[in-house]
Structures are given as structure tokens and as C-alpha cells.
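1. need a 3D model of the following:
(2 chains)
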Amino acid sequence: MGEAIVITSGKGGVGKTTTTANIGAGLAQAGSKVALIDADIGLRNLDVVMGLENRIVYDLVDVVEGFAKLRHALIKDKRFENLQLLPAAQTRDKTAVSPEQMKDLVETMKEEFDYVLIDSPAGIEQGFKNAVAGADKALVVATPEVSSVRDADRIIGLLEAYEKHKPYLIINRIRPAMVKRGDMMDIDDMIEILAIELIGVVPEDEAIVISTNRGEPAVMNPNSRAGEAYRQITRRLRGEEVPFPKLEEESSLFGRIRRMMGLKG
Amino acid sequence: MFDLFARVFGREDASKDVAKERLRLVLMHDRGSLSPQALEDLKNDLLTVISKYLDIDQEGFQVDFSRHEESMALVANIPIKRRRG
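-> Numbering: from 1, shown residues only, chains lettered A, B, ... in the order given. So this is what the prediction gives:
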């Protein structure tokens, strides 16, 4: 029996979909059997971030309505044989699916997969309720900005009301140089405010934009700092004890040269 | 550079401290599910009730949330001019 994990945030644009894609690819790379569900009905994007947009035949709503079988709707990722995606419907809206239907679907998928990752839409309404309905665990993505932290706090409150979800924090797009000069909240500030357990810290990284352009998750890129952060999250999810490395500034010429030469910076 | 200079000489807070302080206040309202408007109403109601018994210095009257470790308290500071009657 696998585990269902919802990736959520409240605020839009903080990196939920990128996080889902990278953790999914990371878990598959590490040998787990993984299914990704895009629960953002009407605004699907996990397919393009994963580079699988040309292979969609059926979607989540087709499966829930019994129009297609689950195994026909799941898209196999050719790069990782044990990674599959269930895309969202693009021409429907969130009301096309109920939390009960989502719960049943996720239960069924947990029988076949080690991890079922659910990419939640922004907001706190039905799309969010659908996304969390079948989840055992929640990863809350927040950037070190007031609006994102405020919305994350709201989401954490709602998740705690459901009780069965223990929320974990992913701090996304942190900029070490700004933290150093006191112009960005640091890891301790975020934990102090949100009061939940930390599971990952992902630095701002141009490699994310590039990898999204190409539809190849950054976790596949051994030289990306964000990719490395996602690999660490993956290992923590698989139960490994991975210490949180100190935030390092990427400014030294030497560091950049080392990176260009493909050495780990 | 000027920012840094100003900060070294204590003329400006690091902006992350401003962010934290603003968040602290806004989250207290969010978590207590009391909007700034509701807090203002509460303040006015308190003022009305207490004024029946005491002569209050309305200028110095303050009501706000305060956090101690894990718990939250509503703290009112009510300067009294003199007893009524």
C-alpha cells in the first residue's frame, strides 16, 4: 500500500507544480513506483512541466466519470519507467470532481504505486478540498515573502482541521545573498512563524526556468542547486535522515567555474 | 550600498524584520479569525461598557493581541482618569 502526498500552498505561483514534478521524478529515479495526479482541473500544467503534454489521451475527469480506464489515462514517462502522470482535464472545472471521488481514485492508485503525488490548485476552495481528500501527508510550499507565508499559514490551519494530514514545509526560491544581508526571511524565521516541520529548502535557481522550458525536471540535472535540494527532499520522503546544508551564496567566480566544469559546487 | 550604510548606523531595520513583525500581527488576526474591523468594533464595545463605570482616557485606550510562546492573549490597556459617581 503506497502513500498519497498532496503538494499545496494556498498562494499561486510559488512553485507547487515544479515541486510536484521534481519530487515525482526524484522518487522515480530513486527506484520508487510513482504516480502524479494533476488536480488543477481547468488549469492543467503538470503535463507541460514534465514534458508530457503531447501524449495526453484521457484525463482525470474521464477516469472519475468512468469514460476511460485509469490505466488508459495514465501517461508513462519514457525517461523513468516507474513514473506515470494522470493529467487534469483542461475544458472542465473543479466541480466536475467531488472529494469522495478523489478519495476513491487515490485509494485505488495507492494499491499500485509506492507514492501518489497530488498537485493541488491554488486557493482554499473545492479544488483544494479535492486535492487533499485522499492524501495521507501534505507538503506546503512557501516562498520567503509575506503573502506566501500568510497563505501557507491559512492552509496549515485548514490541513490541521482535517487532522489526518501532517503538514511539512518546503521553503522555495530562497535567495541566500538576500538572507545574508537581512532582506529576506531565513529558514529559522519561516519555521518560527509557521511552526511545522521542515522537509526541504530549495534555492532560487535559473536551472528551474531552463528545465521547465525543456520539460525536463531539474532533479535530473546533477549540476542544479535546486535539483540537489529536490533530491534531498526525495531522500527524506523515503525515510532517510538527510541534514539540511547551510545556505550558500552562488556568487564566487570560482564556484561558477567549478559548476561549469560539472563539479558539485 | 546606502541601505547597508543606513542599517549599520541603525537608521533602518533590516526589511526581513519588518516582514516578520507585519506577519506576526496579520497572522494573529487570521488565526484568531478576527479582522481588523472586528477588532475595532470590539474596542468600541469595550469602551462603551467600561465607560459606564469608569472615566477612561480614550486617547490611551489600546486593545491588541499578544503572543506568549504558544498561546495568544487579548491585552487591553485602559488608562483611567478617575472613578465615576
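
2. helices along the chain, start to end?
-> The chain I'm using is chain A. Counting by DSSP state H, one finds helices in chain A at the ranges A:16-29, A:46-50, A:60-64, A:70-73, A:99-112, A:126-133, A:146-162, A:176-180, A:187-194, A:206-214, A:225-237, A:253-260.

3. let me rephrase: I mean chain B.
-> Assigned by DSSP H, chain B shows helices spanning B:2-8, B:15-31, B:36-51.

4. okay if I get those helices as CSV plus distance to chain A, mean pLDDT and mean neighbour count?
-> Every C-beta, even on glycine, is put in place using the N, C-alpha and C of the backbone. Compiled in CSV, these are given as follows (distance: least, Cβ to the nearest Cβ, whole Å; pLDDT from 0 to 100; neighbours: other Cβ atoms under 10 Å in any protein chain shown):
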stretch, distance to chain A, mean pLDDT, mean neighbour count
helix B:2-8, 7, 55, 11
helix B:15-31, 5, 89, 16
helix B:36-51, 14, 86, 12
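
5. and residue 74, how many residues sit next to it?
-> If you meant another chain, say so; for now it's chain A. Using other Cβ atoms under 10 Å in any protein chain shown, residue A:74 has 22 neighbouring residues.

6. could you do chain B instead?
-> Close neighbours of residue B:74, defined as other Cβ under 10 Å, add up to 14.

7. list the contacts of it.
-> Contacts here follow Cβ atoms under 8 Å, 6 or more residues apart in numbering or on different chains; on that basis residue B:74 touches B:63-66.

8. nearest to chain A among the residues you listed?
-> residue B:65 (14.6 Å; Cβ to the nearest Cβ).

9. pretty sure that closest one is touching residue B:73, no?
-> Yes - with the criterion set as Cβ atoms under 8 Å, residue B:65 and residue B:73 qualify as a contacting pair; they are 7.1 Å apart.

10. the two: who's more crowded?
-> residue B:65 (17 against 9).

11. so who does that one touch?
-> Listed by Cβ under 8 Å, 6+ apart, the contact partners of residue B:65 are B:25, B:28-29, B:32, B:34, B:72-75.

12. and if you look at residue A:101?
-> Residues counted as contacts of residue A:101 (Cβ under 8 Å, 6+ apart) are residue A:64.

13. sorry, back to before: tabulate the contacts of residue B:65 (a markdown table), appending distance to residue A:177.
-> Shown next, in a markdown table, are the contacts of residue B:65 (distance: Cβ to Cβ, whole Å):
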| residue | distance to residue A:177 |
| --- | --- |
| B:25 | 28 |
| B:28 | 31 |
| B:29 | 32 |
| B:32 | 36 |
| B:34 | 38 |
| B:72 | 35 |
| B:73 | 38 |
| B:74 | 40 |
| B:75 | 39 |
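
14. closest one to residue A:27 out of those, please.
-> Looking at the contacts of residue B:65 and their distance to residue A:27, the nearest is residue B:28, at 37.6 Å (Cβ to Cβ).

15. so that closest one touches residue B:75, yeah?
-> No - Residue B:28 lies out of contact with residue B:75 (Cβ under 8 Å); the separation is 11.3 Å.

16. got the CA coordinates for stretch A:59-76 in PDB?
-> C-alpha atoms of stretch A:59-76 as PDB (Å, rounded to 0.1, in the frame of the first residue of the first chain):
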ATOM      1  CA  ASP A  59      -7.700  12.800 -18.200                       C
ATOM      2  CA  LEU A  60      -8.700  12.700 -14.500                       C
ATOM      3  CA  VAL A  61     -12.300  13.600 -15.200                       C
ATOM      4  CA  ASP A  62     -12.700  10.900 -17.900                       C
ATOM      5  CA  VAL A  63     -11.500   8.400 -15.300                       C
ATOM      6  CA  VAL A  64     -13.700   9.600 -12.500                       C
ATOM      7  CA  GLU A  65     -16.800   9.700 -14.800                       C
ATOM      8  CA  GLY A  66     -16.000   6.100 -15.900                       C
ATOM      9  CA  PHE A  67     -15.400   7.200 -19.500                       C
ATOM     10  CA  ALA A  68     -11.800   5.900 -19.500                       C
ATOM     11  CA  LYS A  69     -10.000   3.200 -17.500                       C
ATOM     12  CA  LEU A  70      -7.300   4.500 -15.200                       C
ATOM     13  CA  ARG A  71      -4.600   2.500 -16.900                       C
ATOM     14  CA  HIS A  72      -5.500   4.100 -20.300                       C
ATOM     15  CA  ALA A  73      -5.400   7.600 -18.900                       C
ATOM     16  CA  LEU A  74      -2.100   7.300 -17.100                       C
ATOM     17  CA  ILE A  75       0.800   8.500 -19.300                       C
ATOM     18  CA  LYS A  76       4.100   6.600 -18.900                       C
END
